[in-house]
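Chemist: how does the following fold in three dimensions:
(one chain, ligands or ions: 2)
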Amino acid sequence: MAKKALADLSASDVSGKRVLVRADFNVPLDDAGNITDDTRIRAALPTIQDLVEKGAKVILASHFGRPKGKVVDSMRLTPVAERLSEKLGQAVIKCDDCIGDEVAAKIAGMDNGQVALLENVRFYDGETSNDPEFAKQLAANADLYVNDAFGTAHRAHASTAGVTEYLSPAVAGSLIEKELKYLQSTVDNPQRPLAAIVGGSKVSSKIGVIDTLLDKVDKIFIGGGMIFTFYKARGLSVGDSLVEEDKLALAKELEAKAKAKGVEFLLPTDVVVADKFAADANTQTVSVESIPDGWMGLDIGPDSVKVFQDALGDCKSVIWNGPMGVFEMEKFAKGTEAIAHTLADLTGTGCITIIGGGDSVAAVEKVGLADKMSHISTGGGASLELLEGKTLPGIAALDDA
Ligand code: ADP
Ligand code: MG
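Modeler: Ligands and ions are numbered 1, 2, ... in the order given. I've put the predicted structure just below:
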């Protein structure tokens with residue numbers, strides 16, 4: 001269902017108003033407490049800047065790590081406030097709490113166009129339990145609500161869902177709008193042919209997405225550890241490769257569904273096998289028909305890459321979720337890297353390319369191709385649930401358009 005967005009609000013709707021913005025500032029830190037990747041901070045800037053320009057008092061809320069309802073000093077948002085202030089080019093008022101008198105006093109002193117950052121909302125149990133009383137306290141210092149935290153939109157928490165009971169309007173920020181535009185519109189209303197590439201370690205974690213995508217796509221490519229469950233279901237030997245014995249029947253069903261729907265279903269033709277799960281393992285490339293006993297498949301092979309590239313050639317939209325191999329180890333990263341390059345090239349020819357999934361995004365970033373894709377999702381779990389056709393509570397709670 002279409003949701004009301006920040007873009008639907010005029011300057012007079014927000015000018016002088018206290019706007020609670022739920023962002024996702026859950027950025028990685030190194031041991032010294034320095035931010036190692038500020039992608040999520042940068043992703044939140046358009047919404048914040050839009051509100052600043054419209055003269056709102058911007059009150060930012062986010063979770064950070066898993067403090068489990070207690071104040072944990074190493075999980076304070078102080079480094080985020082500093083980086084955000086640099087990126088915005090203006091001061092960010094840092095609050096030491098997310099509710100209560102201190103926060104109320106700081107917000108009461110804000111001028112139009114100023115930005116404040118509340119402390120980690122997960123310092124309270126009420127955040128993850130979506131406690132109405134906590135949501136009410138969060139909402140107490142604001143007039144209206146913008147959710148721009150796509151990465152946590154699949155969670156019904158107080159700051160992502162509960163607050164919408166107390167703040168109106170409650171609208172989607174520009175990041176959520178962009179995520180929905182790419183992840184949802186591409187699946188529901190694609191330029192065809194539409195292909196999906198699904199990889200990662202286990203079939204069990206991707207059943208939902210494969211099943212849902214089979215109703216939408218023209219072609220589906222399977223890679224990663226899950227291919228061996230499909231091979232075994234076909235009666236092939238897979239050596240010591242990862243297999244989910246309890247998913248063999250399901251793998252057969254998914255292949256049968258693809259056939260019934262007329263969806264081209266492509267499995268790799270060759271694999272890189274290793275004699276152990278290690279970066280220094282001995283390796284060889286073999287046909288999927290002749291995986292030797294005692295060896296495990298950890299990447300797709302060069303012939304598979306060629307087959308995938310050929311079949312992707314005429315596609316106008318491609319969604320990729322899950323790496324093709326154990327890309328964390330150099331010896332098993334080639335398949336994933338080759339697919340990343342292929343998608344980057346396709347983007348250059350006008351194909352819409354969407355990368356969703358935490359590890360797939362990390363793999364694309366590792367090879368430096370992130371800005372060559374049409375869209376890199378900022379939420380692994382949320383993008384998967386969206387592609388599975390699930391309703392995300394943080395989006396469902398917003399006002400309808
Ligand atoms: P994403 O986060 O993109 O959705 P997943 O979390 O589903 O991806 O899967 C990523 C993991 O899958 C990576 O850690 C990778 O090492 C693993 N993986 C890929 N191929 C294999 C394989 N052949 N055997 C074991 N693990 C694999
Ligand atoms: Mg993952």
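Chemist: run through the residues of the stretch 101-250 of the chain sitting next to ligand 1.
Modeler: 200-201, 205, 224-225, 242 (Cβ under 6 Å from any ligand atom). Any C-beta I mention is one placed from the backbone N, CA and C, and that applies to glycine too.
Chemist: quick one: which two of the residues you listed are the most distant?
Modeler: Ser205 and Leu242 (12.0 Å; Cβ to Cβ).
Chemist: higher neighbour count, those two?
Modeler: Leu242 (19 against 13; other Cβ atoms under 10 Å).
Chemist: leaving out the residues flanking it, which one is nearest to that one?
Modeler: Computed as Cβ to Cβ, 6 or more residues apart in numbering, the closest residue to Leu242 that is not its neighbour in sequence is Gly225, at 4.1 Å.
Chemist: I figured that neighbour hits Gly200, correct?
Modeler: Yes - look at Gly225 against Gly200 with Cβ atoms under 8 Å: they come within range, at 7.0 Å.
Chemist: next, count neighbours for the residue in the stretch 201-350 of the chain that ligand 2 sits nearest to.
Modeler: The nearest approach of the stretch 201-350 of the chain to ligand 2 comes at Gly322, 7.5 Å away (Cβ to the ion). Around Gly322 there are 26 other residues, counting by other Cβ under 10 Å.
Chemist: how close does it get to Gly335?
Modeler: 12 Å (Cβ to Cβ, to the nearest Å).
Chemist: overlap in contacts, these two.
Modeler: Common contact partners of Gly322 and Gly335 (Cβ atoms under 8 Å, 6 or more residues apart in numbering): Gly223.
Chemist: list the contacts for Val171?
Modeler: 3-6, 8-9, 144-147, 398-399.
Chemist: go on, Val238?
Modeler: 228, 231-232, 291, 297.
Chemist: among those residues, who's most crowded?
Modeler: For these, neighbours tallied by other Cβ under 10 Å; top is Gly297, 28 neighbours.
Chemist: check which helix or strand covers that one.
Modeler: strand 296-300 (DSSP states H and E).
Chemist: that strand pairs with which strands?
Modeler: With DSSP bridges as the test, strand 296-300 is paired with strand 270-274 (antiparallel).
Chemist: residues from the chain in reach of ligand 2?
Modeler: Counting by Cβ under 5 Å from the ion, the chain comes close to ligand 2 at 358-359.
Chemist: cutoff 6 Å now
Modeler: 357-359, 380 (Cβ under 6 Å from the ion).
Chemist: the residue nearest to Leu242: what secondary structure?
Modeler: Put simply, Gly225 is helix when judged by DSSP: H, G, I helix; E, B strand; the rest coil.
Chemist: nearest residue to the closest residue to ligand 2 within the stretch 1-150 of the chain in space, please, no chain neighbours.
Modeler: Nearest residue of the stretch 1-150 of the chain to ligand 2, counting by Cβ to the ion: Pro28, 14.5 Å away. Of all residues not flanking Pro28 in the chain, Thr36 sits nearest, at 4.9 Å (Cβ to Cβ, 6+ apart).
Chemist: show the contacting residues for that neighbour.
Modeler: So Thr36 contacts 27-30 (Cβ under 8 Å, 6+ apart).
Chemist: distance of it from Pro79?
Modeler: Taken as Cβ to Cβ, the span from Thr36 to Pro79 is 11 Å.
Chemist: overlap in contacts of those two?
Modeler: With Cβ under 8 Å, 6+ apart as the test, Thr36 and Pro79 both reach Leu29.
Chemist: re the thing from before, can you redo the residues of the stretch 101-250 of the chain next to ligand 1 as JSON lines with distance to Gly113 and pLDDT?
Modeler: What follows is those, written out as JSON lines (distance: Cβ to Cβ, whole Å; pLDDT from 0 to 100):
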{"residue": "Gly200", "distance to Gly113": "44", "pLDDT": "94"}
{"residue": "Ser201", "distance to Gly113": "47", "pLDDT": "92"}
{"residue": "Ser205", "distance to Gly113": "44", "pLDDT": "90"}
{"residue": "Gly224", "distance to Gly113": "47", "pLDDT": "97"}
{"residue": "Gly225", "distance to Gly113": "50", "pLDDT": "97"}
{"residue": "Leu242", "distance to Gly113": "53", "pLDDT": "96"}
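Chemist: Asn321 touches Gly356, doesn't it?
Modeler: Yes - contact criterion Cβ under 8 Å: Asn321 and Gly356 qualify, at 5.0 Å.
Chemist: give me the common contacts of these two.
Modeler: What both Asn321 and Gly356 touch, as defined by Cβ under 8 Å, 6+ apart, is the set 383-384, 387.
Chemist: most neighbours among those, which one is it?
Modeler: Ser383 (31 neighbours).
Chemist: tell me the pLDDT at it?
Modeler: At Ser383, the model reports a pLDDT of 92.
Chemist: who's in contact with the closest residue to Met373 other than its chain neighbours?
Modeler: Spatially, and ignoring its direct neighbours in sequence, Met373 is nearest to Thr353 (4.7 Å; Cβ to Cβ, 6+ apart). Applying Cβ under 8 Å, 6+ apart to Thr353 gives the contacts 317-318, 320, 343-344, 346-347, 373-375.
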